[in-house]
Each structure stands twice: as structure tokens, then as C-alpha cells.
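**Q** just to be clear, the model below is a prediction. Sequence and coordinates:
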Amino acid sequence: MLFYGSELSSRLMLGTAQYPSPEILADSVRAARAGVVTVSLRRESVGSRAGQAFWSLIRDLGVPVLPNTAGCHTVKEAVTTAHMAREVFETDWIKLEVIGESDTLQPDMFALVEAARILSEDGFKVFPYMTEDLVGAERLLRAGCQVLMPWGAPIGSGKGLNNVFGLRALRAHFPDVPLVVDAGIGLPSHAAQAMELGYDAVLINTAVAQAGDPARMATAFRLAVEAGLIARTADPMEQRDMAVPSTPVLGRAVLA
Ligand SMILES: CC(=O)[C@@H](O)[C@H](O)COP(=O)(O)O
């Protein structure tokens with residue numbers, strides 16, 4: 001699967017916030033064998049010493065960087081942040097987040113479409129963080145996006161795939177668009193489920209960063225993503241409403 005013409009080395013994208021230490025972050029990225037790491041420009045001021053140390057740690061990992069506009073609530077903020085990120089990270093990839101509601105951190109789909117249009121016209125390759133809204137998805141594609149990133153559940157909630165029906169519908173409506181479940185994944189089984197549904201990748205931050213052993217959890221997510229991907233290419237069985245014996249009954253001895 002190509003993301004704006006690039007094949008990723010893995011279907012696991014990893015966020016870089018909230019780790020107990022920079023060393024644990026680096027260990028986790030290696031253990032995950034992440035195909036992409038996301039970074040927030042707002043996390044540390046670029047000019048500060050801590051900020052510079054963070055950026056060089058990220059660069060040294062040698063993993064493609066997907067800067068994000070985390071913390072932005074308006075089109076203007078998101079567009080400005082994207083431009084700064086392009087300068088700092090020398091990439092035109094941007095994970096576009098425009099938050100519309102503070103309790104759920106739900107994306108503002110209207111502002112998202114507008115910001116995506118402006119950035120796409122300006123040469124950015126936009127990865128929009130969105131709800132599983134079909135109409136919104138259509139508008140984002142028309143605005144120039146070639147990847148969509150619906151949420152599984154609210155950021156940091158760990159609830160997994162809240163609306164499996166909606167995510168499945170999105171996959172069915174847009175069979176050729178790269179789709180990534182972004183946010184809310186709490187367990188490796190959630191990541192496997194997303195891959196089994198036909199999603200092309202998952203993006204995880206909190207569930208790894210806040211685990212008791214982040215690097216070990218990163219390994220678990222790596223294996224789960226691989227398992228889900230392999231399972232769907234192995235033509236899984238259909239679910240049934242009735243029990244069907246799995247052991248043969250023919251030739252069974254009749255006990256008098
Ligand atoms: C949209 C957003 O900010 C997410 O990419 C977040 O970084 C990851 O979400 P979780 O922390 O829930 O995995």
C-alpha cells in the first residue's frame with residue numbers, strides 16, 4: 001500500500017508524546033519497527049535546548065517523520081503550524097488535526113476540509129485526522145487528500161474501535177484509498193481488529209507510551225498488526241448464527 005507514493009516499512013505508525021524518557025521512546029520506536037513516527041511541533045519549542053534534543057533524537061531514529069498539527073482548533077492555527085512543520089522537518093507530509101470539541105477532542109470536520117484544501121493546494125500531502133463520517137471523507141478526498149485517518153475512539157481513551165459499523169462502511173465505500181485508524185486504540189487486539197477490517201495501518205501513541213513497559217507493548221502492537229494483516233489475506237471464515245460441529249460425527253459409535 002502506497003501512502004502518497006511511498007511504501008512504508010511497516011503498517012504501524014507511532015506517536016512520540018508522553019513517554020517516560022527519551023530513551024524509552026527510542027526503544028519503543030525500535031521495538032515497534034514503526035513505519036512512521038508522528039511528532040507535534042507544539043510539543044517543544046524548536047529553538048529551546050530540550051526541543052533541539054528531541055528533534056535530533058527523532059532524526060537519529062531514521063524513521064520517516066509525519067509532523068502533526070496537534071492542539072490546533074482553527075483553520076488558521078493548523079495551516080500556520082503545518083507551514084512551520086514543513087520548514088523544520090523538511091517534509092510536505094502533514095497529519096492534519098483540527099479539534100472541534102474539547103471533551104472528546106473530536107475533529108471539526110468543516111474546518112478540517114477547509115484546512116486540507118488550503119494545504120493540498122499549497123503542495124502538502126495531507127493525512128487528515130477525522131471522524132468515520134462518509135460525507136466528510138468524500139469532501140476530504142475532493143479537497144486533495146489521498147489518505148484518510150478516521151478515529152477509533154477519542155484520543156487517549158484506549159476504547160478501541162467504537163463504531164465498527166462506521167469504520168467498515170468507510171472501508172467499503174473507499175476500497176482504493178489508504179485508510180489508517182488513528183486514536184483510541186488501547187490494546188493490541190484493537191489494532192489487529194482494525195487490520196482485519198481491511199485498514200491499511202494504525203496509529204498508536206498513548207497505549208504504548210503509558211504502558212508499564214512501553215517497549216514490550218510496542219512489540220505486542222507490532223505482532224498484532226502483522227497478525228491482523230496476515231489473517232485478512234488468509235481469507236477468514238464467515239461468522240455463523242448456528243453452531244456447526246468441528247469434529248466429524250459420521251461413523252460415531254452408537255452406545256446402547
Ligand atoms: C489524533 C491524535 O492526536 C492521535 O494521533 C494521537 O496522537 C494518538 O491517539 P492515541 O494516543 O489515542 O493512540
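**A** Arrived safely.
**Q** and the most centrally placed residue in the chain, what are its bridge partners?
**A** With distances taken as Cα atoms, centre = their mean, the residue of the chain nearest its centroid is Leu203 (2.4 Å). Beta-bridge partners of Leu203, counted by DSSP bridges, are Met13, Asp182.
**Q** does it touch Leu179 like I think?
**A** No - contact criterion Cβ atoms under 8 Å: Leu203 and Leu179 do not qualify, at 11.3 Å. For glycine as for every other residue, the C-beta is placed from the backbone atoms N, C-alpha and C.
**Q** between those two, what contacts are shared?
**A** Met149 (Cβ atoms under 8 Å, 6 or more residues apart in numbering).
**Q** now name the helix or strand holding Ala116.
**A** Element membership for Ala116, per DSSP states H and E: helix 109-121.
**Q** whoops, Lys95 was the one
**A** Judged by DSSP H and E, Lys95 forms part of strand 93-96.
**Q** list the buried ones in whatever helix or strand comes next after that strand?
**A** Remark: after strand 93-96, the chain's next helix or strand is strand 99-101, criterion DSSP H and E. Buried positions in strand 99-101, judged by neighbour count with 16 or more other Cβ atoms under 10 Å: 99-100.
**Q** just checking, what packs against the helix or strand following strand 99-101?
**A** Next along the chain after strand 99-101, taking DSSP H and E as the criterion, comes strand 106-107. Under the contact definition 3 or more Cβ pairs under 8 Å, 6 or more residues apart in numbering; DSSP states H and E, strand 106-107 sits against strand 99-101, strand 125-130.
**Q** in the helix holding Ala116, what counts as buried?
**A** In helix 109-121, counting by 16+ other Cβ under 10 Å, buried: 109, 111-120.
**Q** what residue in the stretch 51-200 of the chain comes nearest to the ligand?
**A** Using Cβ to the nearest ligand atom, the single residue of the stretch 51-200 of the chain nearest to the ligand is Ala183, 3.7 Å away.
**Q** wait, isn't that residue in contact with Ala194?
**A** No - taking Cβ under 8 Å as the definition, Ala183 is not a contact partner of Ala194, at 11.3 Å.
**Q** where do the contact lists of the two overlap?
**A** What both Ala183 and Ala194 touch, as defined by Cβ under 8 Å, 6+ apart, is the set Gly152.
**Q** of those two, who's got more company?
**A** Higher neighbour count among Ala183 and Ala194: Ala194, with 30 against 24, using other Cβ atoms under 10 Å.
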